[in-house]
Each structure stands twice: as C-alpha cells, then as structure tokens.
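A.B. asks: Provided below are the primary sequence and the corresponding predicted coordinates.
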Amino acid sequence: MADLPAGTQQAIDYSQHIPNNVDLSNDRALQRALERWQPAFLNWWDETGPANTANLEVYLRTAISVDRDGWANFGYVRMPEYRWGIFLTPRDEHRKIHFGDRKDEPAWQDVPGEYRSTLRRIIVTQGDTEPASVEQQRLLGATCPSLYDLRNLFQVNVEEGRHLWAMVYLLHKHFGRDGREEAEALLQRRSGDPNNPRILTAFNEKTSNWLAYYMFTFFTDRDGKFQLAALAESAFDPLARTTKFMLTEEAHHMFVGESGVARVLQRSCEIMREHNLTDPSQVRAQGVIDLETLQRFVNFHYSVTLDLFGSEVSSNAASYYTGGLKGRYGETNITDNHSLGTDFYTIQEIENGAVANRQVPALTALNARLRDDYTREIQAGVDRWNRIPERFGIPFQMMLPHVGFHRKIGSFAGQYVSPEGRLLSKEDWERQSASWLPSDNDHEFVGSLMGRVIEPGKFANWIAPPVRGINNQPIEFEYVRFN
Ligand SMILES: [Fe+2]
Ligand SMILES: [Fe+2]
C-alpha cells in the first residue's frame, strides 16, 4: 500500500501481519490467536467469497485511519491481498454508560461476568450476518451490469469480510476459549446450507440477481446500520468503538442499494416515456424491468428485513437496555431520562380480526421502536425513488407494504395481511399473494436480463449509468482490471 499518511493517534499500522489500530503487537497471545484464525478466514474467502476473482485488480478503498475525514485510500488491489484488519474509533477515557440501570457509571473496558453469555450472543449474531452476505453475493460478479457496479460489489464484499474481523477481534480478545470457538464457527456456517445455515433467515435467502442485490443493500444493509447504531451506544466500550467505525463503511453499502434501484427505475422510466408504454409486458419486451416487478421486490425485501428486528414485544430487548448492552437508535441525542421506566410505546397487532394498536411498556417494545426508526429512513429513500417516475410524468409511486405483510416473526407471524394492512383468509392470501411477491416468472425474467458488461463506461440496457464515478474518477474509468 502506497502513500500512507504519517501516524496519528487514529492511524492504522499496516506494517503488521494483521493491520490494526489496537496495538495488537503488545498483546502477543491475542496476536497469535488471530494469526491462527487468519488463514482460516482466507480459506473461507477463497471458498465462498466472490467467485473467480483471485487475479482481478480492483480499484478499492482501504481504511488508513479512523479519522472522520480522509480515512480511505483508493488504489488497485488484488482481492485476496486486501488488508483486512481491526479498526476501532479512538477511546474516550471519560466515556460513561448513558442509559439503563447503570447510567453514569464508567463504560466497561471488559465484559462483566453477568453479561458474558448475552454479549457473546449479540456479537455472534451480528458477526454471522457479515460473512453470510458475502456468501449470498458470491456469483453476482458473473453477471455485472458494468465495471463500476462490479467494483462496488467487491468493495461491499471486502468490507463485509472486514466486519467479520471486527466481531472476531472482540470474541478473541474478550471471550476466551468460548470466543475462539465462536470465531471458528463463524467460518463454518454457510448461507443457505440446510445442515449448518447462517443464524438469521434473511441471510439464508439467495441473492441471485442484481436487482435482488440492490434491494438487499438498500433494505437489509440498512437493518445492519440500525443494529450497529444501537450497539454503538453499548456500555461495553470496545463494542461501541468497533461498531462506530463499521457504520462509516456501511454508508457506502446503502448508497449502492439506493442508487442501484434508482438507476433501474430511471432506465425503465426512460424507456416507458420514449415508447409511450404502460403495460408491463410491453415494458419487459424492451429489455427493462417493469415497475410492478420492482414493487414486488420492494414488498419482499422490506418484509423479510423487518423480521430481522425480532418480536415487537421482547423481554430480551428490555434486559439488553436496562443492562446497558444495546441502546435505542440515536440514544445519545434523545432528550429523556434514558431509563424508559414508566413510558409506553404503541405497537400494532391483530385483535378481533383486524389490525389494532396496543400500548405496551416502552422497555419491552425496543425492537418495535428500532424497526419504526428504520422504516422512517426507508420511507425517505422510497420517497426519493418516487421523484423519478414523477419527473417523467409517469403516474406510479412505490409503496412500502404494511408492517404486518408477509411476516414470519413477531405479532403478525402466521397471519395473512395484505400490503394495505387488511387481514385476509388463507385462501384470499393464496389467491392474491402472487401479485404482491416476486414470482418464479419474475425471477426468470430478471435473470434473463443479467448479462456481463465489462467494457469501461458501458452499462447493461436495464440500468442507467450512475450520476458520477467513484472517488471523482470518470464513469468510464477502468474500475476493475482483468489480467
Ligand atoms: Fe456489515
Ligand atoms: Fe453492509
């Protein structure tokens, strides 16, 4: 790696076998343990990471410091040589716990015995999503719509790999032998493997085409953002510091998703305007994705991602909060007493055959609250998408389905709820759900559009070029070199 800036407190030491800013060389036992894990990680990457990429040179960003500005260095990297490392935001010596029963006590630098197994479970569950998404995206490179998109896919992949490192560091440093075993198991589970699947259902779904990938990075990576943000409030300071830095990387993943879907929408609208089309089959005949199919993908990805927030009412969520393990989104900036002792929160559930509101103690409703915060941000993104058909004078607006639609976890599990929030019979659901969720035919059609475009500056017919390139490079820049 060339041209690294002079060392500051935040700088990352790249002379080490495992780049880090946690002074790893002064903790020999930990360093040795992680150096033993490293080849296993590289094997995992080889076996399940982006297929057939060992010789590509990719214009990637690498973290060189954890400063707010200018942390990234851009340059060509062969992916197996990417410098995965351990980067935490700097420690604030005076940091205090700022919510829950232990509010105002000093933040923990090590794990209190009573929270050991709970924190380990939280870290393992978060950590498991990171390699899972790499596995889900393994084959996408073969059908990339452009070099620009291919590069972005690989950037997301290497950073999800680094997020795994972030969690594995915590497991190795703070959880002893149990932690080392969990770190190994993280490399053994496989997305979609019936015998040893990833922990959360959404991470066992296939990401089989680029539309699904953009939807995933918009909807599901944003769930990641909200989970990480809640953990960035944690009393366990090393967890807070590592998730804070992960959040800076996550922003790019969500950008890939939001701009990806926007470009698909843009291209479809261009073609619809140009040929004066409204009928989805005529739109498809032009080799672009009809807006109805986009809506069905939105319905699917939004609903499976809502399941990741867990049950609306949860005593675990309450004890994570009172214990100081996991805060609310933006906890630090919320102006209340940070205890939620007697507050209430409104959740939705089915009552007497219809969707109804119920007031529950706010402490038990933290999953619902985090999910609602998430939905507000998602809605803002959908509103931005909706300006595109509007600009073209096309009367079509994408809608988020009702929170009870197509749910497997929480108060709507086992219920049949329409996108508008009407409770249906099983028969009604079965009759109509094909028009609400992507069908085999939709997948086949979208799949049929996926071809490989790798000429610099060229884009597949079904997607518009981006507004600008990466790191101020032109759009026709050679983002990936094939040797
Ligand atoms: Fe991640
Ligand atoms: Fe991500």
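C.D. replies: Right, received. Where do you want to start? Numbering: from 1, shown residues only. Ligands and ions are numbered 1, 2, ... in the order given.
A.B. asks: check contacts around the residue nearest in space to the middle of the chain.
C.D. replies: By Cα atoms, centre = their mean, the chain has its centre lying nearest to Asp221, at 1.7 Å. Applying Cβ atoms under 8 Å, 6 or more residues apart in numbering to Asp221 gives the contacts 133, 156, 250, 253-254, 257. Every residue, glycine included, has its C-beta placed from N, CA and C.
A.B. asks: Among these, give me the pair with the biggest separation.
C.D. replies: Greatest spacing in the contacts of Asp221, by Cβ to Cβ: Ser133 and Met254 (12.8 Å).
A.B. asks: The two: which is more packed in?
C.D. replies: Between Ser133 and Met254, Ser133 has the larger neighbour count (other Cβ atoms under 10 Å), namely 25 against 19.
A.B. asks: tell me the secondary structure for the more buried one?
C.D. replies: Secondary structure, DSSP: H, G, I helix; E, B strand; the rest coil: Ser133 is helix.
A.B. asks: any idea how far it is from Phe216?
C.D. replies: In this structure, Ser133 and Phe216 are 7 Å apart, going by Cβ to Cβ, to the nearest Å.
A.B. asks: picking up where we left off before, so the residue nearest to the centre of the chain is in which element?
C.D. replies: Here Asp221, judged by DSSP states H and E, is contained in helix 221-231.
A.B. asks: Of all the residues in the chain, which one is nearest ligand 1?
C.D. replies: Among all residues of the chain, His163 sits closest to ligand 1, at 3.7 Å; criterion: Cβ to the ion.
A.B. asks: Is that residue in contact with Phe245, as I believe?
C.D. replies: No: applying Cβ atoms under 8 Å, one finds His163 not in contact with Phe245, separated by 9.7 Å.
A.B. asks: quick one: which of the two has more around it?
C.D. replies: His163 (27 against 24).
A.B. asks: Now that one: closest residue in space that isn't a chain neighbour?
C.D. replies: Once flanking residues are discounted, His163 sits nearest to Glu130: 4.0 Å by Cβ to Cβ, 6 or more residues apart in numbering.
A.B. asks: dump the residue contacts of the residue nearest to Trp45 when sequence neighbours are not counted.
C.D. replies: For Trp45, ignoring the flanking residues on the chain, the nearest one in space by Cβ to Cβ, 6+ apart is Gly161 at 6.3 Å. By Cβ under 8 Å, 6+ apart, Gly161 lies in contact with 41, 45, 49, 82, 84, 130-131, 134.
A.B. asks: what's the answer for His17, then?
C.D. replies: Per Cβ under 8 Å, 6+ apart, neighbours of His17: 35, 38.
A.B. asks: who touches Glu184 in this structure?
C.D. replies: Neighbouring residues of Glu184 by Cβ under 8 Å, 6+ apart: 37, 40.
A.B. asks: Return the distance of it relative to Arg177.
C.D. replies: For Glu184 relative to Arg177 (Cβ to Cβ), the value is 11 Å.
A.B. asks: Now do the same contact list for Arg102.
C.D. replies: 235, 323-324.
A.B. asks: Glu478 now?
C.D. replies: 59, 147, 456.
A.B. asks: what about the last one, how many neighbours?
C.D. replies: Right, the one you point to is Pro456. 14.
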